[in-house]
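> sequence plus the predicted model coming up.
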There are 2 protein chains.
Amino acid sequence: MENKPADLNPAVMLTEDLLLHHVADNVELLNTLPEEEAAELVGRLPAERAVEILDQPEFAMAPDIIRLLAPAQAAALLAAMSADRAVDVFHHLEASERAGLLDRLDPETRASIERLLVYPPNTAGSIMTTEFVSVPSTWTVGQTLQYIREVERSRETIYAIYVLDPQSKRLLQAVPLRRLITAQSDAPILSAARPYAPIMTTPLTDREEVARLFRKYDLLAVPVVDTAGRVLGIVTVDDAIDAMLEESTEDVQKFGGVAALERPYMQIGFAQMLGKRAGWLCILFVSEMLTASAMQHFESELEKALVLTLFIPLIMSSGGNSGSQATSLLIRSLALGELQLRDWWRVVLRELPTGMVLGSILGAIGLLRIGLWQTFGLYDYGEHWVLVGFTVAATLIGIVTFGSLSGSMLPFALQRLRLDPASASAPFVATLVDVTGLVIYFSVATIILRGTLL
Amino acid sequence: MENKPADLNPAVMLTEDLLLHHVADNVELLNTLPEEEAAELVGRLPAERAVEILDQPEFAMAPDIIRLLAPAQAAALLAAMSADRAVDVFHHLEASERAGLLDRLDPETRASIERLLVYPPNTAGSIMTTEFVSVPSTWTVGQTLQYIREVERSRETIYAIYVLDPQSKRLLQAVPLRRLITAQSDAPILSAARPYAPIMTTPLTDREEVARLFRKYDLLAVPVVDTAGRVLGIVTVDDAIDAMLEESTEDVQKFGGVAALERPYMQIGFAQMLGKRAGWLCILFVSEMLTASAMQHFESELEKALVLTLFIPLIMSSGGNSGSQATSLLIRSLALGELQLRDWWRVVLRELPTGMVLGSILGAIGLLRIGLWQTFGLYDYGEHWVLVGFTVAATLIGIVTFGSLSGSMLPFALQRLRLDPASASAPFVATLVDVTGLVIYFSVATIILRGTLL
């Protein structure tokens, strides 16, 4: 202990250590700390690095850090952050906190943030940045290069140069940097553009739709234009990637029957986690109570043929499984835009025979099992075991077909109702199929076993 | 009809029409055609456009088109394609077809493709391209710009300039284009590099891991280096995006209990679709047969207390639902690298109380339902209805806790066994919980109802 100089305060050591590493690694470390400690560390860092850290979308606690810092420091950092990230922070603050911080910003920053704040979350407008390089179409390649060298040299990444009509400011073309370098210096800037119109989007377009543009056209950035064709901002590929992954994560979580989490698993509070799960679990539980009602309805059949109860879990789970298979396939096809709403009947025409064949395979296995157990004396299904076997097999065909059909149609139905098709969760499909499954089972049993067991 | 000139053959019209549209839109159209028609159209297009189309990863039928074209034309197109896409096509061909086409390629292209073919699918090596711009560290900024103008002008996109040690060819730095433009022309190229070492990867790194690098460091391209630090190729952001989405799609499909599809839903043949679904469905069905065995085991209890059967579907589905919630959360956290294998006990410490609280909520609702139905005479659960209610409630607490725990641990167990944690499907978890659920239910019933119903 005596060897350590008095000023080797662990916090000071840590800030120095942070500066030696990549910002992304800083974020990884900070994410493991409690908010107060992280805020203290960020507050001690040179403003430039603090801004870089706050600019990382992976730094989910940025709004909490801003809240914990002194208002003057917080406002200075927000003003230096990229506009899209600053807006993201503002979206997470309470209205009162928001107003206090906005008042401290310079009028220009404040105006640009207030402009972006009006776009609803998950739209192109909410993930775009207002920092991009644009030049009038009257310029030459050389003028543009000179402009980048002098005015835009602080910008870390330039994706493309946006060429605007000098009067109307309408977007005419996007010139990739590579083309700028290889073009003649005295040639007009438009001569370096690609031969086709630039791909663009509008501020209210859903971010999932924007991500599809990136995928389809292999873009690095897409300009967001207003109705007059003027550039409002650009969505960059890194933000598009984040949007894609958040959407995929939400899809998996919703499919599992959980409300989408806003933060990584370990960063969510216990009460919040309960809230995300209890809602759906209760809804499913109450719906599933219909199975108890259905069973009560068939009570006399159950009393007469107790052997039927043995196969209830088996039959119901097969319906749920085939439904969840179909749902997972269709959710993804709809999310990736491979299928449209109007294609629903083509899916019906595929799922109907698929379900019938799959059901027949399971039915055959089920029949075999009952036959084997009976023959080898492993269990006695009674004198009518052959009829019981056929009841189980016929029910499996019906329930797997019903499961495949309803599992595949549910995402379409939700899309039709303008809801997210990914809300069609596996548990939801299973519940839907369970109740119907019981009805199918006892109806088939009534037909096949009438006069023997029933 | 008379007005149409004789040579207005629809295929000719269509090829002309294709040239007027963006390549990505061409691909969208071709994907809707039968393979033979698509091959004929691609065969008629100017080679340059045909190559652009074949280069699109969204053009899933590229290997079929290559197979259908005349070998000489196919080889010429393959030679002109980007190396990573050509390799992808070769990966989809039979060994005999592969050899025939490789023989027709020029030695250089052939060697580069054979080098890439050795990397297993889903590795960085399999998705990298060998086309990148590298210069020795002895050059100046001006020399590098001149080189790009003269030698590399045909390249559509340049992500960064890779600066190599002139002797060992080891990668020293990556210089973004923007920095090249703003740097002094006579300055050494290294002076334009970023202050930290370039992010790189190795050819055998899993593509999911590579995608994580892109996300974490907001990259546009990542160099793939051998053990000596020499650049073998680069993975570009568009390929990283495709890898991410394929992995996400596989995750959703596997979670739904389907083997991952290699093509969009409507492009898969009927038999292939059956194959992707029947396997898991049969495995799950056979495992679920254990529920029938469990029920047979508890036959005497069932006969004595038929009222217990009414709640079997309700109880089992609650276990499956809570399990599938936990699994979906953990699969995603593991896939995104938010959690590591060693974090499993932290998850246990969260899931144990979460499951108990969620189970208690469902238990309370279940108890309420039984009480209400009994009180208002909707159904008669018998004289011991209070005990039946507590049996159901206690079972729900047990089964939801067990479901949450096993659902969250299954992805860890699979990762520990070096399997994909995303193989933990909702149906798989449900099946696991179903069998255990029955045992829990009848054990609880034996304890609570001994001496009354049992």
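Happy to help now that I have it.

> for the helix or strand where A:V210 lies, name the packing helices and strands.
Per DSSP states H and E, A:V210 falls inside helix A:207-217. Counting contacts by 3 or more Cβ pairs under 8 Å, 6 or more residues apart in numbering or on different chains; DSSP states H and E, helix A:207-217 packs against helix A:124-127, strand A:221-225, helix A:237-255, helix B:23-30, helix B:237-255. C-beta here means a position set from N, CA and C on the backbone, and glycine is covered the same way.

> out of those, which gets nearest to A:V133?
Proximity to A:V133 (Cβ to Cβ) singles out strand A:221-225 among those, at 10.5 Å.

> give me the neighbour count for the nearest residue to A:D186 once chain neighbours are set aside.
Closest residue in space to A:D186, ignoring its immediate chain neighbours: A:T140 at 5.6 Å, by Cβ to Cβ, 6 or more residues apart in numbering or on different chains. A:T140 has 19 neighbours, counted by other Cβ atoms under 10 Å in any protein chain shown.

> in contact with A:T140, which residues are there?
Taking Cβ atoms under 8 Å, 6 or more residues apart in numbering or on different chains, we find A:T140 in contact with A:185-189.

> who touches the nearest residue to A:A70 once chain neighbours are set aside in this structure?
Closest residue to A:A70 apart from its sequence neighbours, by Cβ to Cβ, 6+ apart: A:G43 at 7.8 Å. Residues near A:G43 by Cβ under 8 Å, 6+ apart: A:50, A:69-70, A:73.

> now, which of these lie within strands?
With DSSP state E as the criterion, strands contain none of those.

> please produce TSV containing these, extended by neighbour count and pLDDT.
Putting the contacts of A:G43 into TSV (neighbours: other Cβ atoms under 10 Å in any protein chain shown; pLDDT from 0 to 100) gives the following:
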residue	neighbour count	pLDDT
A:A50	24	92
A:L69	19	91
A:A70	9	90
A:Q73	14	91
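
> so which of these is the closest to A:R342?
For these, the nearest to A:R342 is A:A50 (50.8 Å; Cβ to Cβ).

> do stretch A:187-194 and chain B meet at all?
No. Taking Cβ under 8 Å from any Cβ of the partner chain as the criterion, stretch A:187-194 and chain B are apart, separated by no less than 9.1 Å.

> could you give the mean pLDDT of that stretch?
Across stretch A:187-194, pLDDT averages out at 91.

> and it, how far out from the chain middle?
Centroid separation between stretch A:187-194 and its chain, computed with Cα atoms, centre = their mean, to the nearest Å, is 38 Å.

> what about it, how long is it end to end?
By Cα to Cα, to the nearest Å, the extent of stretch A:187-194 from end to end equals 14 Å.

> show me what contacts A:Y379?
By Cβ under 8 Å, 6+ apart, the contact list for A:Y379 reads A:373, B:296.

> and the residue nearest to A:D186, backbone torsions?
phi -100, psi 170 (degrees, to the nearest 10).

> circling back: can I get the contacts of A:G43 in TSV with distance to B:L54?
Rendered in TSV, the data for the contacts of A:G43 read as follows (distance: Cβ to Cβ, whole Å):
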residue	distance to B:L54
A:A50	47
A:L69	53
A:A70	58
A:Q73	55
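
> which one of these sits closest to A:L310?
The nearest member of the contacts of A:G43 to A:L310, counting by Cβ to Cβ, is A:L69 at 64.4 Å.

> ok, that closest one to chain B distance?
24 Å (Cβ to the nearest Cβ, to the nearest Å).

> find the nearest non-adjacent residue to that residue, please.
Excluding the flanking residues, the one nearest A:L69 by Cβ to Cβ, 6+ apart is A:G43, at 5.5 Å.

> before we move on, which element is that neighbour in?
A:G43 belongs to helix A:35-44 when assigned by DSSP H and E.

> re earlier: among the contacts of A:G43, which pair sits farthest apart?
A:A50 and A:A70 (12.7 Å).

> center of chain A - which residue?
Geometric centre of chain A, nearest residue: A:E247, 1.4 Å, by Cα atoms, centre = their mean.

> do you have the strands of the stretch 151-300 of chain A handy? List them.
Using DSSP state E, counting those that start in this stretch, the strands of the stretch 151-300 of chain A run over residues A:160-164, A:171-176, A:221-225, A:231-236.

> now the ones you listed in CSV, with distance to B:A39 and mean pLDDT?
Listed next are those as CSV, based on distance: least, Cβ to Cβ, whole Å; pLDDT from 0 to 100:
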stretch, distance to B:A39, mean pLDDT
strand A:160-164, 35, 93
strand A:171-176, 32, 92
strand A:221-225, 32, 95
strand A:231-236, 36, 93
